[in-house]
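Chemist: I need the structure of the sequence given here:
(chains A and B)
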Amino acid sequence: MTELPALEQVLREIVAEGGADAPRRICEACVAALSLDRAALALMTAADQQEPLWASDEVARKLDDLQFSLGEGPCVEAFVDRRPVLVADLIEHAHSRWPVFAAAALRTPVRALFVLPVQAGAITVGVLDLYRDTPGMLDPDELAGALRAADAAMWTLLGLRDGGTGYAGVDGVSRADGNRRQPVSELHRLEVYQATGMIVEQMQVSPEVALSALRAHAFAQGQTILQVAHEVVVRRLRFDEEKL
Amino acid sequence: MSAEQGIRERALAEAFVTLADTLVADYDVIDVLHQLTIECVELLPVDAAGLLLSDQRGTLQMAAASTERARVVELFQLQSDEGPCLDCFRTSRPIAAPDLRGMTEWPRFIAHTLDTGFRSVHAVPMRLRTETIGALNLFGIQPRALGPDELRIAQALADVATIGILQERAIRRRDVLAEQLQVALNSRVIIEQAKGVLAERGQLEMERAFEVLRRYARSTQQRLSDVALGVANRTIAADVILGPLHGGPSA
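Modeler: Numbering: from 1, shown residues only, chains lettered A, B, ... in the order given. Below you'll find the model as predicted:
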């Protein structure tokens, strides 16, 4: 049963509140609202470097661990190719795509899996893994919900790979004014990305740090990220001399 | 066949050959979509074209536009959540607005679009079987209704765009459409990030930054989104893309 508006509301609250338990809450929200049985969220810096943040149960944890130790599987593929990996029936892939992983996965109850990269353009911070014990594709509403959950994960994980002390770790979000919601959809506004690129050059940092800086500035100034991005794009605001 | 028809048919054949040429192994979907908007302007009596894609989260995103003006109109339409292209996507039917002046639908869209300098808009859906994945939009400076043949050409170009999205890589399985759409939209985001880097480094307008990026990708025979990724991640120096004329801020 899909309850998309309810899921979106929950995700908005999680992004606004932030905090260390955001990964758990995102996974639980997905399992509650979508036709899924398990979920997990992992930070990734490279195909062979990951840090599991949360898994809803032992099966999800095991499937994540397995892929990372094998170096093959949908999580690795989603991260490397920057694309969702949607597998409606794991049995179809048992012999072709990830033979070792699929054989092991088929010894668990999982029959379908949907892995979404947690990304924004050139920034890829991790993967959201959604598992179901019966085969079948997510319907369009469920896919929309899953993609929004990955967007929410992007906002909550942004900056975490720098140890959370850099520009805006999850603590930065939780300390922000609770009344100011960060709409998840803002992740997709073009000016936010253009501004991110400009800050990459101004500060000589990665796009991930640049987007974190943009967001931290918005929080600090009580503006939306769109407003700040616009100021950057029209060259009224620069980040090279900012202390954040 | 009239001389005019003969010329049109030859141009049409050439355009499809060009597009077919781009649909070879490992092409870049955003580059193909951009090329397609340019072909629309060459083949049809329109002045600009834009292409919107479903982001599968319930909204549309800008994927390509032949000019900055078309891009602005598309973005305004998305922000104001009204207009012929959105109606085309929602109803999955072509929409014709041969003269915006005097029309009462979409008041905000029409006011903004007339201000931008366009008088006519046509939109054709991008469809795959039962799913509508986006819309191709054609803008004219003069009032004009496209005829049945022209609309067929527009639909054929929209269909090429759909195929382009589907077959960016070999289709390995079902569900590939959902994955490809996300790849296409994420590529768009990477390109915007790279445009930002180049605009800042070379002190360029965004549109110019895109041209520089695209020209570099073409001249070095690389995928546009690969080059964009390198620029955004700073694994390709912005100065290499900008060339000798733009050495960046003088040291």
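Chemist: give me the pLDDT for whichever residue of chain B sits closest to chain A.
Modeler: For chain B and chain A, the shortest gap (CB to the nearest CB) falls at residue B:196, measuring 2.1 Å. (C-beta placed from N, C-alpha, C; glycine too.) What the model reports for residue B:196 is a pLDDT of 97.
Chemist: and it, how many residues sit next to it?
Modeler: Residue B:196 is flanked by 32 other residues according to other CB atoms under 10 Å in any protein chain shown.
Chemist: got the contact list for it?
Modeler: For residue B:196, the contacting residues are A:193, A:194, A:195, A:196, A:197, A:198, A:199, A:200, A:201, A:233, B:206, B:209, by CB atoms under 8 Å, 6 or more residues apart in numbering or on different chains.
Chemist: please, which helix or strand holds residue 154?
Modeler: As the question left the chain open, I've gone with chain A. helix A:140-157 (DSSP states H and E).
Chemist: let me rephrase: I mean chain B.
Modeler: Residue B:154 belongs to helix B:148-166, assigned by DSSP H and E.
Chemist: and residue A:124, by the same measure?
Modeler: strand A:123-132.
Chemist: check residue B:136 too.
Modeler: Going by DSSP H and E, residue B:136 is part of strand B:131-140.
Chemist: just to revisit the earlier point, quick one: the residue of chain B closest to chain A from residue B:105, how far?
Modeler: Between residue B:196 and residue B:105 the distance is 35 Å, computed by CB to CB, to the nearest Å.
Chemist: hang on, the earlier thing: from the contacts of residue B:196, pick the one nearest residue A:111.
Modeler: residue A:193 (36.9 Å; CB to CB).
Chemist: what sits against the residue nearest to that closest one when sequence neighbours are not counted?
Modeler: What sits nearest to residue A:193 in space, not counting adjacent residues and going by CB to CB, 6 or more residues apart in numbering or on different chains, is residue B:192, at 3.6 Å. By CB under 8 Å, 6+ apart, residue B:192 lies in contact with A:121, A:190, A:193, A:194, A:197.
Chemist: who wins for most neighbours among those residues?
Modeler: residue A:197 leads those on contacts (other CB under 10 Å) with 34 neighbours.
Chemist: pLDDT at residue B:173, what is it?
Modeler: Value for residue B:173, per-residue pLDDT: 49.
Chemist: helices - which of the contacts of residue B:192 land there?
Modeler: Those of the contacts of residue B:192 mapping onto helices are A:190, A:193, A:194, A:197, per DSSP state H.
Chemist: quick one: the third one from residue A:232, how far?
Modeler: Just to be clear, that refers to residue A:194. Distance from residue A:194 to residue A:232, by CB to CB: 8 Å.
Chemist: how about residue B:65?
Modeler: 22 Å.
Chemist: with residue A:192 instead?
Modeler: In terms of CB to CB, residue A:192 sits 9 Å off from residue A:232.
Chemist: so for those two, which residue has more residues nearby?
Modeler: More crowded of residue A:192 and residue A:232, by other CB under 10 Å: residue A:192, with 28 against 25.
Chemist: residues contacting the more buried one?
Modeler: Contacts of residue A:192 (CB under 8 Å, 6+ apart): A:186, A:211, A:214, A:225, A:226, A:229.
Chemist: which ChimeraX command selects the buried ones in these?
Modeler: If you want just the buried ones from those in ChimeraX, going by 16 or more other CB atoms under 10 Å in any protein chain shown, the selection is:
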select /A:186,211,214,225,229
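Chemist: ok, then the element right after the longest helix anywhere in chain B?
Modeler: When chain B is parsed with DSSP H, its longest helix is helix B:176-202. Reading on from helix B:176-202 to the C-terminus, the next helix or strand found by DSSP H and E is helix B:206-219.
Chemist: and the next helix or strand past that following helix?
Modeler: Next along from helix B:206-219, by DSSP H and E: helix B:224-232.
Chemist: quick one: the helix or strand just after that following helix near chain A?
Modeler: As assigned by DSSP H and E, the chain's next helix or strand after helix B:224-232 is helix B:238-242. Yes. Helix B:238-242 lies within reach of chain A by CB under 8 Å from any CB of the partner chain, at residue B:238.
Chemist: what domains does the record give for the chain?
Modeler: Chain wasn't specified; assuming chain A. A:4-160, A:170-233 (automatic domain parsing).
Chemist: that's the other chain; I wanted chain B
Modeler: According to automatic domain parsing, the domains of chain B span B:3-168, B:182-242.
Chemist: quick check: which element contains the spatially most central residue of chain B?
Modeler: Most central in chain B under CA atoms, centre = their mean is residue B:64, positioned 2.4 Å from the mean C-alpha point. Here residue B:64 sits within strand B:60-65, counting by DSSP H and E.
Chemist: then that strand to PDB, C-alphas only?
Modeler: Extracted C-alpha coordinates of strand B:60-65, given in PDB (Å, rounded to 0.1, in the frame of the first residue of the first chain):
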ATOM      1  CA  LEU B  60       9.100  17.400 -14.800                       C
ATOM      2  CA  GLN B  61      12.700  18.600 -15.200                       C
ATOM      3  CA  MET B  62      14.400  20.600 -18.000                       C
ATOM      4  CA  ALA B  63      16.600  18.200 -20.000                       C
ATOM      5  CA  ALA B  64      17.700  20.300 -23.000                       C
ATOM      6  CA  ALA B  65      16.900  23.500 -24.800                       C
END
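Chemist: and stretch B:87-104, what's its mean pLDDT?
Modeler: Mean predicted confidence for stretch B:87-104 is 95.
Chemist: what residues does it touch?
Modeler: So stretch B:87-104 is contacted by B:52, B:54, B:60, B:84-85, B:105, B:110, B:113-114, B:118-125, B:127, B:132, B:134-135, B:137, B:143-146, B:151, B:154-155 (CB under 8 Å, 6+ apart).
Chemist: just the buried ones from these?
Modeler: For these, buried by 16+ other CB under 10 Å: B:52, B:54, B:60, B:84-85, B:110, B:113, B:118-125, B:127, B:132, B:134-135, B:137, B:144, B:146, B:151, B:154-155.
Chemist: would you mark the buried spots in stretch B:74-83?
Modeler: Quick answer for stretch B:74-83 (16+ other CB under 10 Å): B:74, B:75, B:76, B:77, B:78, B:82, B:83.
Chemist: can you narrow those residues to ones near chain A?
Modeler: Near chain A, by the rule CB under 8 Å from any CB, you find residue B:75 out of those.
Chemist: restricted to helices, list the buried residues of stretch B:74-83.
Modeler: Using DSSP H, the buried residues of stretch B:74-83 in helices are B:74, B:75, B:76, B:77, B:78.
Chemist: how far does the helix holding residue A:154 sit from the chain's center?
Modeler: 7 Å (CA atoms, centre = their mean, to the nearest Å).
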